[in-house]
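Peer 1: A structural model of the following input is requested.
(chains A and B)
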Amino acid sequence: MHPPGKSIGSAVASPTKEFFVRMLTRDIELQDALLDLLDNCVDGIVRSGAAKQLPRPYDGFHATLTLMPDHFVIEDNCGGIPISVAKKYAFAMGRPLSIDAGDEPATIGMYGIGMKRAIFKLGTSALVESRNDDGFIVEFTPEWMQDDSWNDLPMYELGADKLLGKGTIVEVYQLNEEVRAAFSDSTWIDEFRKLVSRHFSLIIAKGLAVRIGSREEIEKGLGPIVPEPFRLLQTTANIQGAQIAPYVYSGKLGDVGVEIFAGLYRELLTEDEAEEEEETRGTSDEAGWTVACNDRVVIWKDKSRLTGWGEAAVPNYHGQFIAITGIVLLHCNDPKKLPLTTTKRGIDAASNVYSEVKDMMREATKNLTSFTNKWKKFPDKLEEIYQSSEYVDLDALRATPASLAMSTSRKLSGIKKYEPKYPEPEQAKTSVKVTFVAEKVDVVALSKFYFQDQKTKPGQVGEAAFNDAVKRLKRPKK
Amino acid sequence: MSGQSLPYHLRPHKTVDRRLFLDLLARFERWIPLNNYAYVSMGAYPLEDHKLVHRLIGITKLIAFDMESDVVARQKFNRPIDACHCIHREAGDLISNFDQVLSECNCTDATGVVVWLDYTDPRQIGRQIREFQALLDKLKAGDIVRVTVNAHPNDLLDPQLPGSKPILATEKMEKQFLNLKSRIGEFLPSGTAAANMTPHGLPAVLAESFSSAALKALPVGGDTTFCPLSVVRYADGQQMLSITGTIVARADVDTMLDRLDMIDWPFGSASWSEIHNLVVPALTGRERLFLERGITSRPTQDLIAELGFETAGDVGIEDFLASYRNYYRFYPTILSAEF
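Peer 2: Numbers count the residues shown, from 1 in each chain, chains lettered A, B, ... in the order given. The predicted structure follows:
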């Protein structure tokens, strides 16, 4: 529709570069911007078709991040960028609609913004060197960064002797103030290593070698990052067929492959430990849900409503549930169908796929919380069950659906599940818990009387006094 | 022998470590005068550190705290000046209510605070690191924090029952590592492994863990940072690690370090990983007087030759002299006296 009247020209509507860069980078943390660059490395391997056989498709590939107060470098041998892709859209702000990612193998990147956003976040001068077929260099200058026009970036030929192994180097200079402060701080760099060991745990476990450090550390032979493992406890079944074992869900929701494993990774807390955990957060780092999309961990050990805690019939997370952990693995060739956010730290909670996945997560969490609640009064007996327990790692867990008697989910026809029968405390039927508050001096007096020690735990003192009273009551009367 | 079971005045390493702390505080006054600071520390029953900061630095705003009411009662008897407040609180509770505690103890007008968290229980290391982080959240530029924790690898395991089968060292280190990991989880430096569970390795791991907590409290995007000034390990029985540092504006770090001339102070640490080993063997009065006279002027080998022995207890004299040269002024004289 055209408004009435004669055209008198046009009004500028394009974004200023300063505005664009500020908006693009303000909602992403520096660490996440760097993780985007690592995502590109993995996508490079996948897109180039160079990935090897499972279980270690990324063996032989590496990415090295050099973090210095005055410059940043990431160098990889992960396939590089084809010159045609570089010319058409690799450096455009967002992937054009005409480029259909649907036929590609499962990648993580989907918006075509990660590398540019990372460069903007880091500094104002950058060089991107890459070789897949014809090697090239693209330059971001401070002048281009400040200029409001959106001129194409200059490209240059890459020296014939550089990046012969097919890879990419991104170098950034004139770092922003926050970046300089971060890269000057060895503790910040180590925190970033820890973040990578979590969010790339599955990818590193599949062979990608990631090194992060100062130039000096890397030249001295700094080792690659060790991935944080995921593992669950399993025991052999008792006479009634009950055992501690992972809950398993496996199948497809539309085009999205789903695998869920949930269970216990450690012994339950004793009552004293649980009380202390309530007072001051202690050791719950390993508890909670981890979610990975195409192997990239987007949520690490979450204990909030985001992963179903405190929703529907599931209680809120607290110290008693410290042993409960789970992992969700979602796979899809089209990353747009995964519940990824642009920062890849967090999840699109409104997505239908995630909503259905969360139903399963809640079901497993609810069963596991019921188990811990039933046993918290009888930790001594539970120790006997744990004695025969062993850890099962993720590779072994992923192989379990083939050997388990899986049943089909009533609601989700594409999903099969295995719900282990957990042991129940026999004493629960005949016993009751007794708690009460007493004067400290009286507890000390009874402690000396029963144990000749005034520092026995109050619970044990109370139990001794109770048992003594019961014994006297039951003693045959003369 | 447990260091904790020794009476306070018979712990030579602790005594020297405390005197080094006082020396560092005196040096800190080149940056900011401390006479109007508040000094907050556990102090235990003798309040030795409270006495020293009062006598040597002139601080009068003194606060001592302890979780045991009996200890607090004894502190009240031993306090160096009437104005010293002795309060019954746990460290975590004191930190949560830090401003309120300063107010109750009439210290709100103090220009800054010096806080010493002197922990002992190795099982609570996770809680101790979190309390350190929580404390930094409450402090401002110019405040000084010192934290002492157990750094003895063997204390990461429950003692073996007498007569039980001995555990291989590698297996023991693996268990120590898993226990430490479960206690301090997110703070543990990347790449930490069972091989780090040694008297040399564990203090480095713990120091980096405190560094991680400091960064969480004061992220790189903020105006201030926690700058470590001295990191020292020592053992009166169990090995302990003492970390002392200050909150400072990021823009002022270099100026402050220049002013304190930390490079010239022998127990200064330019980073969390620069950890000094304090070695204080028991010397006889004659040995001490001999060494004190020659330590600044004579070569180590001359001194060893004249002493005529190469070890004192289980400490090599050469290692000892390397450390002693830096702290001889503070070597405690422990005498039996009749009152």
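Peer 1: How many neighbouring residues does the residue of the stretch 201-350 of chain A found nearest chain B have?
Peer 2: Evaluated by C-beta to the nearest C-beta, the stretch 201-350 of chain A has A:Asp285 as its residue closest to chain B, separated by 3.2 Å. Quick note: C-beta positions are derived from backbone N, CA and C, even for glycine. Residues lying near A:Asp285 (other C-beta atoms under 10 Å in any protein chain shown) number 20.
Peer 1: Could you tell me the model confidence score at it?
Peer 2: Each residue has a pLDDT score; the one for A:Asp285 is 71.
Peer 1: how about the closest residue to B:Gly316 other than its chain neighbours, what does it touch?
Peer 2: Spatially, and ignoring its direct neighbours in sequence, B:Gly316 is nearest to B:Glu310 (6.6 Å; C-beta to C-beta, 6 or more residues apart in numbering or on different chains). In this structure, B:Glu310 makes contact with B:304, B:316-318, judged by C-beta atoms under 8 Å, 6 or more residues apart in numbering or on different chains.
Peer 1: Lowest-confidence one in those residues?
Peer 2: B:Gly316 (83).
Peer 1: Could you pull up phi and psi at it?
Peer 2: B:Gly316 has phi and psi values of phi -70, psi 130 when expressed as degrees, to the nearest 10.
Peer 1: Check the burial of it by counting its neighbours.
Peer 2: 14.
Peer 1: how close does it get to B:Ser323?
Peer 2: 11 Å (C-beta to C-beta, to the nearest Å).
Peer 1: which bits of chain B sit near chain A?
Peer 2: Proximity of chain B to chain A, by C-beta under 8 Å from any C-beta of the partner chain, involves residues B:92, B:126-127, B:130-131, B:182-183, B:185-186, B:189-191, B:208, B:211-212, B:214-215, B:220-221, B:250, B:271-272.
Peer 1: So how do I select the buried members of these in PyMOL?
Peer 2: Applying 16 or more other C-beta atoms under 10 Å in any protein chain shown to these, the buried members can be selected in PyMOL as follows:
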select buried, chain B and resi 92+126+127+130+131+182+183+185+186+189+190+191+208+211+212+214+215+220+250+272
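Peer 1: so of the residues of chain B next to chain A, which ones are in helices?
Peer 2: Assigned to helices by DSSP state H, the following of the residues of chain B next to chain A qualify: B:92, B:126-127, B:130-131, B:182-183, B:208, B:211-212, B:214-215.
Peer 1: Quick one: those as CSV, columns for pLDDT and distance to B:Gly294 too.
Peer 2: Shown next, in CSV, are these (pLDDT from 0 to 100; distance: C-beta to C-beta, whole Å):
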residue, pLDDT, distance to B:Gly294
B:Gly92, 93, 48
B:Gly126, 91, 46
B:Arg127, 92, 46
B:Arg130, 94, 47
B:Glu131, 95, 44
B:Ser182, 86, 50
B:Arg183, 88, 46
B:Glu208, 97, 38
B:Ser211, 97, 39
B:Ser212, 96, 43
B:Ala214, 97, 41
B:Leu215, 96, 44
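Peer 1: can you map out the helices along the stretch 201-339 of chain B?
Peer 2: Ranges of helices in the stretch 201-339 of chain B, per DSSP state H, counting those that start in this stretch, are B:201-217, B:253-260, B:285-294, B:300-307, B:317-327.
Peer 1: Could you single out the most deeply buried of the ones you listed?
Peer 2: A comparison of those by mean neighbour count, using mean count of other C-beta atoms under 10 Å in any protein chain shown, puts helix B:201-217 on top with a mean of 24.
Peer 1: for it, packing partners?
Peer 2: Counting contacts by 3 or more C-beta pairs under 8 Å, 6 or more residues apart in numbering or on different chains; DSSP states H and E, helix B:201-217 packs against helix A:186-199, helix B:125-138, helix B:169-184, strand B:224-236, strand B:238-249.
Peer 1: Looking at the closest residue to chain A within chain B now. What's its pLDDT?
Peer 2: Residue nearest to chain A within chain B: B:Gly185 (3.2 Å; C-beta to the nearest C-beta). For B:Gly185, the pLDDT comes out at 82.
Peer 1: Do I have it right that it meets B:Gly126?
Peer 2: Yes. With contact defined as C-beta atoms under 8 Å, B:Gly185 counts as touching B:Gly126 (7.1 Å).
Peer 1: The residue lying closest to A:Gly310 once chain neighbours are set aside: neighbouring residues, count only.
Peer 2: Closest residue to A:Gly310 apart from its sequence neighbours, by C-beta to C-beta, 6+ apart: A:Asn316 at 3.9 Å. By other C-beta under 10 Å, 12 other residues sit near A:Asn316.
Peer 1: what about A:Asn316, helix or strand, and which?
Peer 2: Using DSSP states H and E, A:Asn316 maps to neither a helix nor a strand.
Peer 1: Please look at it and A:Trp309 and confirm they touch.
Peer 2: Yes. Using C-beta under 8 Å, A:Asn316 is in contact with A:Trp309, at 6.0 Å.
Peer 1: If you tally nearby residues, what's the number for residue 88?
Peer 2: Defaulting to chain A. 13.
Peer 1: looking at chain B here, not the other one
Peer 2: By other C-beta under 10 Å, the residues close to B:His88 number 15.
Peer 1: Please name every helix or strand in contact with the lengthiest helix in chain A.
Peer 2: As assigned by DSSP H, the longest helix anywhere in chain A is helix A:352-375. Counting contacts by 3+ C-beta pairs under 8 Å, 6+ apart, helix A:352-375 packs against strand A:247-253, strand A:256-264, strand A:324-331.
Peer 1: Give me whichever of those strands is most buried.
Peer 2: The highest average neighbour count among the helices and strands packed on helix A:352-375, using mean count of other C-beta under 10 Å, belongs to strand A:324-331 at a mean of 24.
Peer 1: and the angle from that one to strand A:247-253?
Peer 2: Between the axis of strand A:324-331 and that of strand A:247-253 there is an angle of 20 degrees, by axes from the mean of the first three to the mean of the last three C-alpha atoms, to 10 degrees.
Peer 1: Packing partners of strand A:324-331?
Peer 2: Using 3+ C-beta pairs under 8 Å, 6+ apart, strand A:324-331 is in contact with strand A:256-264, strand A:288-293, helix A:352-375.
Peer 1: A:Glu51: how many residues sit nearby?
Peer 2: Just so we're on the same page, residue A:51 is Ala rather than Glu. Residues near A:Ala51, counting by other C-beta under 10 Å: 20.
Peer 1: Once you drop chain neighbours, what's closest to it?
Peer 2: Closest residue in space to A:Ala51, ignoring its immediate chain neighbours: A:Pro57 at 4.0 Å, by C-beta to C-beta, 6+ apart.
Peer 1: hang on, that neighbour is in a strand, isn't it?
Peer 2: No. Assigned with DSSP: H, G, I helix; E, B strand; the rest coil, A:Pro57 falls outside any strand and is coil.
Peer 1: and it, backbone torsions?
Peer 2: Note on A:Pro57: backbone dihedrals following degrees, to the nearest 10 are phi -70, psi -20.
Peer 1: thought it was touching A:Ala205?
Peer 2: No. At 10.8 Å, A:Pro57 and A:Ala205 do not qualify as touching, with contact defined as C-beta under 8 Å.
Peer 1: Alright, I will stop here.
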